[in-house]
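Visitor: Structure of the sequence below:
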Amino acid sequence: MPRPVLTVLSRIPWWLRLSAVALLAALAAVVVVDTASAPTPVPPRAAGDADQTTTPPPEPDEPHVPVPAVPAERLASLPEASTYTTLSAAPRDTDAAADTDGLVVHNTEPLPVFTAPGGQPFARLPVRQVGSDTWLPVVGEQPGWLKVLLPSKPNGGTGWLDASRLRHAHTVYQIRVNLADTSLRLLRDGKAVGRWTVGIGKDDTPTPAGRTFLLASIKDSKQNYSPVILPLGSHSSTLDTFGGGPGTVAIHSWPTNDVFGKRLSHGCIRVPADALGALLSVPLGTLVLITNT
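Guide: Numbers count the residues shown, from 1 in each chain. I've put the predicted structure just below:
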């Protein structure tokens, strides 16, 4: 029968026992340091780096509704939930001026989008949007389900996704655009870190108000007004197409200052160069609140 550890240690000279204790303490410290330095995965930014932490899916106190199985053939037949499509079956966003807690999600495979938890699939969410990974803001939740804003027409479309098949992360940023005073504010943890006077849409091609998000980050060699364009998950309410695209509203810079504080665009938000630089560090999927007040 093995002897107790304490009995065995009592037979070891005192100076060897102290050395053993010191060695064990050093090994424990190494393990703690290695564990603390492990990187935490976060979603890609529009460009550069920004503070962001991962977060587990929420656990609200509501009954769990199973996720219906959608065969591969059925999934492939569904229209894509992208900036190029119109999804008339998408439920409308019922609280278009509300904040979120910053939860954003990314799908690593095409997923069905449902009308409600346990409801009917009406779209297929692609892994990428306009050359960037798909990251969407969460605006509702039930056990096993997350409700997200969609980038499709009409504006304010939403859908429910299987939470277990998504990557979850948290953005500390929010972008607020006030159409009344033509201003854009960048918030971090609820506090303004930048404010700029911007250009917005003309009266006949207005910038649409509502709750949307940073959809992608692109460089377009066909234009010379902005080094990077940040498409949003919303579209012009008066133009079905613009510049060969589907009329997607975007944030971008402008080469002259005479447009700021003016209503001159076809719906896009024109920002100064330093504002664009700040926005390039904001993660995709970050909420953008556009209001008339």
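
Visitor: show me what contacts G194?
Guide: 185-186, 275, 278 (Cβ atoms under 8 Å, 6 or more residues apart in numbering). Using the backbone N, CA and C atoms, a C-beta is placed for each residue, glycine as well.

Visitor: and the residues you listed, which are buried?
Guide: The neighbour count (16 or more other Cβ atoms under 10 Å) marks 186, 275, 278 as buried among the contacts of G194.

Visitor: now, which of the residues you listed lie within strands?
Guide: L186 (DSSP state E).

Visitor: Could I get the full set of helices for this structure?
Guide: 5-10, 14-36, 72-77, 273-279 (DSSP state H).

Visitor: counting contacts, what elements does the third one pack onto?
Guide: Counting by 3 or more Cβ pairs under 8 Å, 6 or more residues apart in numbering; DSSP states H and E, the packing neighbours recorded for helix 72-77 are strand 121-125.

Visitor: Using PDB, list the CA coordinates for the strand it packs on.
Guide: Taking C-alpha atoms only, strand 121-125 is exported to PDB below (Å, rounded to 0.1, in the frame of the first residue of the first chain):
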ATOM      1  CA  PRO A 121     -37.200  29.700 -43.200                       C
ATOM      2  CA  PHE A 122     -37.400  32.500 -45.700                       C
ATOM      3  CA  ALA A 123     -33.800  33.300 -46.600                       C
ATOM      4  CA  ARG A 124     -30.200  32.000 -46.700                       C
ATOM      5  CA  LEU A 125     -27.500  34.000 -44.900                       C
END
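
Visitor: Quick check: mean pLDDT of it?
Guide: Average pLDDT, strand 121-125: 98.

Visitor: Please enumerate residues in contact with that strand?
Guide: 68, 70, 74-76, 78-81, 85, 87, 89-90, 107, 110-115, 134, 136, 150, 152, 159, 161.

Visitor: which of those residues are buried?
Guide: Here, 16+ other Cβ under 10 Å leaves 70, 75, 78-81, 85, 87, 90, 107, 110-115, 134, 136, 150, 152, 159, 161 buried among the contacts of strand 121-125.

Visitor: Cross the residues you listed against strands and list the overlap.
Guide: Per DSSP E, these map to strands at 107, 111-114, 136, 159, 161.
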